[in-house]
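**Q** Below is the structure, and that's it, no one-letter string:
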């Protein structure tokens with residue numbers, strides 16, 4: 001039976017060579033492929049009363065043509081056809097663009113059904129669809145598919161109708177009766193009919209509801225099965241740390257950890273003591289104190305006789321981590337080294353030798369840590385800072401330098417819960433959602449570009465008080481395409497304005513990494529008063545004396561990125577300021593600026609950013625790590641995602657899921673994805 005579903009699409013009537021080629025571009029080669037290609041929306045052709053239809057709403061009306069059509073040719077093969085129509089008691093105008101061929105068909109007395117946008121003030125429908133005859137002659141709801149090539153919607157629907165009628169009954173039910181009943185979900189045959197050819201709006205809604213849940217459940221089953229396999233893997237590293245020494249480390253700190261930091265430390269400590277490998281993501285807003293948590297966990301590993309590694313994305317950030325960790329850990333006899341691309345050959349050779357023979361406890365570095373000649377004696381804990389800056393392969397190489405070491409990923413990018421569940425679902429997640437006591441909130445203001453002079457005055461007063469400032473620009477050099485400030489021009493402008501008063505530096509992505517590190521070092525050491533930069537300054541560098549930031553053309557940045565940039569100030573004892581220079585034209589742009597002014601919580605901003613921009617743009621589409629869903633929407637279907645996650649967790653943990661025949665179809669999806677063979681899902 002299944003073989004009929006895998007038959008070539010050409011088995012359907014009307015699928016010739018041209019249609020076959022067009023369908024192939026949509027990854028449709030078999031009948032089953034076709035059936036699982038869902039419409040992205042449905043056209044609603046139900047008749048509406050124009051008296052009750054709001055302005056600019058899409059509407060379908062039935063009526064009679066009352067005038068001879070007129071066609072106005074607009075040049076460049078474009079035209080505008082206008083005709084009068086009596087729809088019920090309303091005499092209205094109907095306009096069609098670039099459909100002059102309708103002129104001969106739309107004669108007075110002809111009965112038509114027209115769909116389009118209703119202009120209530122002008123009493124005009126801008127037509128998008130027309131059917132000759134009454135509305136009874138076509139469906140109230142018609143599917144609209146994302147079609148490539150020269151296929152028409154009508155022809156594609158014809159193929160789909162054939163496929164469902166002839167083969168739809170052969171699609172096997174995936175969900176067990178227990179879940180169908182629990183959530184009152186349509187069985188698979190009804191749901192397929194409802195998603196493709198619904199009789200009404202409710203049928204389409206219920207069909208979509210079933211497939212959203214199914215899609216999210218299948219994904220979460222893979223995630224939870226992977227977690228289960230990792231938990232049952234006894235080949236991890238047990239790190240039996242010295243509790244008393246760890247207490248002494250915390251007692252020696254000049255401040256007490258926040259409640260959130262203590263909670264995270266306890267979560268990580270539990271992971272260290274179990275035989276399976278830790279795979280944990282640590283999220284913490286800018287300035288929340290992730291580094292001291294990382295230092296304490298590396299020290300815990302050292303007290304158990306293991307080595308630790310901390311990988312950072314830039315040399316300057318690695319240096320700052322090394323300074324902080326050395327300050328905290330040197331008093332406890334911990335040996336620590338910094339290894340970056342800038343490390344001299346002789347010093348590098350010595351570090352590698354000490355690392356290999358076990359003399360060195362902790363190494364902190366950049367990509368230099370994953371070179372083949374970097375060999376550890378007994379690597380127990382790997383920490384990756386700003387983990388999204390490294391590729392999967394880079395993180396894997398570092399992890400593979402030990403015998404299944406525990407792995408802790410850190411990020412200062414607050415990730416909304418829905419994305420955390422999907423992109424990092426196979427990880428355990430810890431969150432530091434509390435800032436250290438006494439930290440002053442950064443004042444954020446949104447100003448227009450013409451107010452720049454008063455911004456400059458405020459910045460000068462901060463500089464005169466001995467503080468430093470960042471000026472962030474979206475571009476490096478002048479662009480003909482974008483009317484936005486660029487870093488080179490702004491640098492030259494400020495260098496001229498403050499000549500003889502303050503030192504101005506310039507940093508951007510086209511500089512060599514050593515040059516970037518040098519500029520950043522001069523700024524962090526106070527040799528530069530102002531740093532003009534593109535967003536390369538975004539990651540982690542700590543300059544407590546920097547209290548002022550200007551972000552040019554702030555509407556060009558996402559909320560998450562703006563928040564990351566803002567986090568470069570406010571890291572010291574003095575009040576800090578972030579000025580957003582922006583003239584957004586769209587309502588969304590204005591909403592983003594207001595959100596930045598009103599919100600300082602990174603997680604709230606991340607949720608808002610996700611709502612405004614969508615999941616693909618949140619991470620960047622190419623390396624988002626997000627699955628492609630046919631029907632589910634991570635923003636609007638977050639409740640279904642939570643439900644699916646809970647159900648998947650319970651199923652995978654239960655004996656019945658692995659043995660009962662009722663769950664054979666669900667288990668089959670895991671077998672197909674390779675999860676049961678220990679492979680990682682992508």
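**A** Here it is on my side, so go on. Bear in mind that the values here come from a model prediction, so they are computed numbers and not experimental data.

**Q** Give the buried residues for stretch 163-172.
**A** Residues of stretch 163-172 classed as buried by neighbour count (16 or more other Cβ atoms under 10 Å): 163, 164, 167, 168, 171. In this view, the C-beta of every residue, glycine as well, is placed from N, C-alpha and C.

**Q** do the same with stretch 631-647
**A** Buried residues in stretch 631-647 (16+ other Cβ under 10 Å): 631, 632, 634, 635, 637, 638, 640, 641, 643, 644, 645, 647.

**Q** same deal with stretch 23-41?
**A** Going by 16+ other Cβ under 10 Å, stretch 23-41 has these buried residues: 23, 26, 28, 30, 31, 32, 33, 34, 35, 37, 38, 39.

**Q** and it, how far from the chain's centre?
**A** 26 Å (Cα atoms, centre = their mean, to the nearest Å).

**Q** what about the stretch 351-500 of the chain, any weak spots by pLDDT?
**A** Within the stretch 351-500 of the chain, the stretches with pLDDT under 70 are 387-396, 423-424, 476-485.

**Q** Tell me where it has helices.
**A** 392-399, 417-423, 452-464, 487-497 (DSSP state H, counting those that start in this stretch).

**Q** I'd like these laid out as a markdown table, including mean neighbour count and distance to residue 548.
**A** Formatted as a markdown table, the helices of the stretch 351-500 of the chain follow (neighbours: other Cβ atoms under 10 Å; distance: least, Cβ to Cβ, whole Å):
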| stretch | mean neighbour count | distance to residue 548 |
| --- | --- | --- |
| helix 392-399 | 16 | 35 |
| helix 417-423 | 20 | 32 |
| helix 452-464 | 15 | 5 |
| helix 487-497 | 17 | 12 |
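
**Q** can you list the ones you listed in TSV and add distance to residue 16?
**A** Formatted as TSV, those follow (distance: least, Cβ to Cβ, whole Å):
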stretch	distance to residue 16
helix 392-399	43
helix 417-423	40
helix 452-464	64
helix 487-497	56
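
**Q** quick one: which of those helices is nearest residue 560?
**A** helix 417-423 (10.6 Å; Cβ to Cβ).

**Q** Run through the neighbouring helices and strands of that closest one.
**A** helix 602-613, helix 615-619, helix 638-653 (3 or more Cβ pairs under 8 Å, 6 or more residues apart in numbering; DSSP states H and E).

**Q** so which of those comes closest to residue 348?
**A** Comparing the helices and strands packed on helix 417-423 by Cβ to Cβ, helix 615-619 comes nearest, at 34.3 Å.

**Q** just to revisit the earlier point, closest to residue 202 among the buried residues of stretch 163-172?
**A** The shortest approach to residue 202 among the buried residues of stretch 163-172 belongs to residue 164, at 19.6 Å (Cβ to Cβ).

**Q** and the helix or strand harbouring the closest one, what other elements does it pack with?
**A** In this structure, residue 164 sits in helix 153-167 according to DSSP states H and E. Under the contact criterion of 3+ Cβ pairs under 8 Å, 6+ apart, helix 153-167 touches helix 17-24, helix 31-35, strand 141-144, helix 188-196.

**Q** what residues are up against the residue lying closest to residue 534 once chain neighbours are set aside?
**A** Once flanking residues are discounted, residue 534 sits nearest to residue 508: 4.4 Å by Cβ to Cβ, 6 or more residues apart in numbering. Shown in contact with residue 508 (Cβ atoms under 8 Å, 6 or more residues apart in numbering): 476, 487, 533, 534, 536.

**Q** Next, find the distance separating residue 508 from residue 318.
**A** 20 Å (Cβ to Cβ, to the nearest Å).

**Q** my guess is residue 441 meets residue 600, correct?
**A** Yes: at 5.5 Å, residue 441 counts as touching residue 600 under the criterion of Cβ atoms under 8 Å.

**Q** More neighbours: the two, which one.
**A** Counting neighbours by other Cβ atoms under 10 Å for residue 441 and for residue 600 shows that residue 600 has the greater number, 19 against 10.

**Q** List the residues that contact that one.
**A** For residue 600, the contact set (Cβ under 8 Å, 6+ apart) comprises 441, 442, 444.

**Q** sec struct for it, please.
**A** coil (DSSP: H, G, I helix; E, B strand; the rest coil).

**Q** I'd like to know how many residues surround the nearest residue to residue 183 once chain neighbours are set aside.
**A** In space, and not counting its chain neighbours, residue 183 is closest to residue 213: 6.5 Å by Cβ to Cβ, 6+ apart. Neighbourhood size, residue 213 [other Cβ under 10 Å]: 23.

**Q** Same check on residue 323?
**A** A count of neighbours around residue 323, defined by other Cβ under 10 Å, yields 13.

**Q** pLDDT wise, what is it at?
**A** At residue 323, the model reports a pLDDT of 90.

**Q** Could you do residue 234 as well?
**A** pLDDT recorded at residue 234 is 59.

**Q** From the contacts of residue 508, pick the one nearest residue 411.
**A** Closest approach between the contacts of residue 508 and residue 411, by Cβ to Cβ: residue 536, at 17.4 Å.
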